[in-house]
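*Asks:* Fold the following.
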Amino acid sequence: MSLKHILPGRLGFGTAPLGNMFRAIPDEEAAATVEAAWDQGVRYFDTAPFYGAGLSESRLGEVLATKPRDAYVLSTKVGRVILDEKEEGARDLGPASWPAARTSSTSRPRRRSWRRSPA
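*Replies:* Next up, the predicted model:
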């Protein structure tokens, strides 16, 4: 199966700016930006725990929680886990770390359920 069978359109919304990557934006502006993308037909959203230490995921999740889950595709990254404490030493970014990264990411976007895309 190719990505064109999974992705709902040719354009996606990269949410790094929602995590204040380029400038600090208020929550209201972040929500209005996601709503404007939705109103224009965008149904693929890409986020990551590294975008604003989870801020992007939280802001995106606030808006997507109001949308039908089957109406959009959401992607995120694994390998980085947001921790409150300072990290010391080497980090394990191999497959064994992926479940913790997924749990960390999915706890922020306020979804009622998560399911994997078909392989």
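*Asks:* Can you name the residues that contact D46?
*Replies:* 12-15, 74-76 (Cβ atoms under 8 Å, 6 or more residues apart in numbering). Just so you know, the C-beta spots here come from the backbone N, C-alpha and C atoms, and that holds for glycine as well.
*Asks:* Let's see that with 6 Å instead.
*Replies:* Residues in contact with D46 (Cβ atoms under 6 Å, 6 or more residues apart in numbering) are 12, 14, 75.
*Asks:* how about the longest helix belonging to the chain: buried residues?
*Replies:* Ranked by number of residues, the top helix in the chain under DSSP state H is helix 27-39. Residues 30-31, 33-34, 37-38 are the ones in helix 27-39 that count as buried (16 or more other Cβ atoms under 10 Å).
*Asks:* In TSV, list these along with distance to D46.
*Replies:* Output for the buried residues of helix 27-39, formatted as TSV (distance: Cβ to Cβ, whole Å):
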residue	distance to D46
A30	15
A31	17
T33	14
V34	12
A37	12
W38	15
